[in-house]
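> turn this into a structure:
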Amino acid sequence: MSKFQVGDVVKTRKPHPCGNDTWEIMRTGVDFRIKCQKCGRVLLLPRPKFEKSVKAVLSSSGGSSTGEKGV
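Below is the predicted model of the structure:
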């Protein structure tokens with residue numbers, strides 16, 4: 001199980017050009033899709049680059065995301 005989940009908000013080491021450094025994770029896997037919390041820009045990053053750039057997980061989705069085992 002990965003330490004990152006869809007819906008988590010993470011803080012990055014470097015700020016985005018808009019000045020914000022918080023991102024929402026939209027997709028996980030080999031690539032991560034993240035969305036800037038200030039300007040709404042969406043980026044697709046390879047897993048190694050994403051994991052290097054994350055400084056902290058600010059809020060967690062709590063593990064209740066759609067698409068997991070259930071029912």
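
> now do the contacts for the residue most central in space within the chain.
Closest to where the C-alpha atoms of the chain average out (Cα atoms, centre = their mean) is Ile25, at 2.7 Å. Shown in contact with Ile25 (Cβ atoms under 8 Å, 6 or more residues apart in numbering): Phe4, Gln5, Val6, Gly7, Asp8, Val9, Val10, Phe32, Arg33, Ile34. Quick note: C-beta positions are derived from backbone N, CA and C, even for glycine.

> mind listing the strands for the chain?
For the chain, the strands defined by DSSP state E occupy 9-12, 22-27, 31-36, 42-46, 54-59.

> give me the contacts around the first one.
Contacting residues not belonging to strand 9-12 are listed as 4, 21-25, 34, 37, 53-59 [Cβ under 8 Å, 6+ apart].

> low-confidence ranges in the chain?
Residue ranges of the chain with pLDDT under 70: 1-2, 62-71.

> and of the contacts of strand 9-12, the nearest to Leu43?
The closest of these to Leu43 turns out to be Ile34 (Cβ to Cβ; 5.4 Å).

> for that closest one, grab the count of nearby residues.
26 (other Cβ atoms under 10 Å).

> number of residues surrounding the closest residue to it other than its chain neighbours?
Leaving aside its sequence neighbours, Ile34 sits nearest to Trp23 (Cβ to Cβ, 6 or more residues apart in numbering; 4.2 Å). The tally of other residues near Trp23 (other Cβ under 10 Å) stands at 27.
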